[in-house]
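Enquirer: sequence below, structure please.
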Amino acid sequence: MTTTANVFKNCIGGKWQSAQSGQTFPNYNPATGELLGYFPLSGEVEANAAVAAARSAFEKWRLVPAPKRGEILYRVGELLKQRKEDLARTMTQEMGKVLKETRG
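Expert: Down below sits the predicted model:
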């Protein structure tokens with residue numbers, strides 16, 4: 001049986017994209033050696049694009065009234081809580097930490 005590893009992309013400015021170089025690197029579970037996937041080998045181009053996207057987003061975000069920003073952040077927190085176990089397991093696979101630690 002052959003399994004295919006996931007190929008991940010960067011999310012910059014709300015768009016998923018590969019590294020400009022087209023290069024990737026493998027990421028392995030440090031505890032098992034299992035291949036988790038391939039990630040973009042990002043560099044200066046991607047870093048600069050991410051910073052520019054963040055600056056642009058901030059210009060819009062800062063105009064949102066504080067109570068509305070609070071509502072949005074509260075909702076994000078609720079969504080993260082709903083996915084806590086899944087996120088903890090992913091962090092354990094990627095970092096080799098025990099679940100108790102990644103659960104917080």
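Enquirer: all contacts plus neighbour counts: C-alpha atoms, from now on.
Expert: Will do.
Enquirer: residue ranges in the chain under the pLDDT threshold?
Expert: 1-3 (pLDDT under 70).
Enquirer: could I get the full set of helices for the chain?
Expert: Secondary structure of the chain (DSSP state H): helices located at 44-61, 66-82, 84-95, 99-102.
Enquirer: now render those helices as TSV, adding distance to Lys15.
Expert: Below are those laid out as TSV (distance: least, C-alpha to C-alpha, whole Å):
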stretch	distance to Lys15
helix 44-61	10
helix 66-82	19
helix 84-95	21
helix 99-102	28
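Enquirer: select, out of those, the one closest to Leu36.
Expert: Proximity to Leu36 (C-alpha to C-alpha) singles out helix 84-95 among these, at 7.7 Å.
Enquirer: alpha carbons of that closest one, in CSV - could you do that?
Expert: Output of helix 84-95 as CSV, limited to C-alpha atoms (Å, rounded to 0.1, in the frame of the first residue of the first chain):
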residue,chain,number,x,y,z
LYS,A,84,-8.1,22.0,20.9
GLU,A,85,-7.6,18.2,20.8
ASP,A,86,-6.9,18.1,17.1
LEU,A,87,-4.5,20.9,17.3
ALA,A,88,-2.7,19.3,20.3
ARG,A,89,-2.3,16.0,18.4
THR,A,90,-0.9,17.9,15.4
MET,A,91,1.6,19.7,17.6
THR,A,92,2.6,16.5,19.3
GLN,A,93,3.3,14.9,15.9
GLU,A,94,5.3,17.8,14.6
MET,A,95,7.2,18.7,17.7
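Enquirer: just name the most buried of the helices of the chain.
Expert: Per residue and on average, the most neighbours among the helices of the chain fall to helix 84-95, with a mean of 17 (mean count of other C-alpha atoms under 10 Å).
Enquirer: now for that helix, which elements pack on it?
Expert: On a contact count with 3 or more C-alpha pairs under 8 Å, 6 or more residues apart in numbering; DSSP states H and E, helix 84-95 meets helix 99-102.
Enquirer: which residues touch the helix it packs on?
Expert: Applying C-alpha atoms under 8 Å, 6 or more residues apart in numbering, the contact partners of helix 99-102 are Ala88, Arg89, Met91, Thr92.
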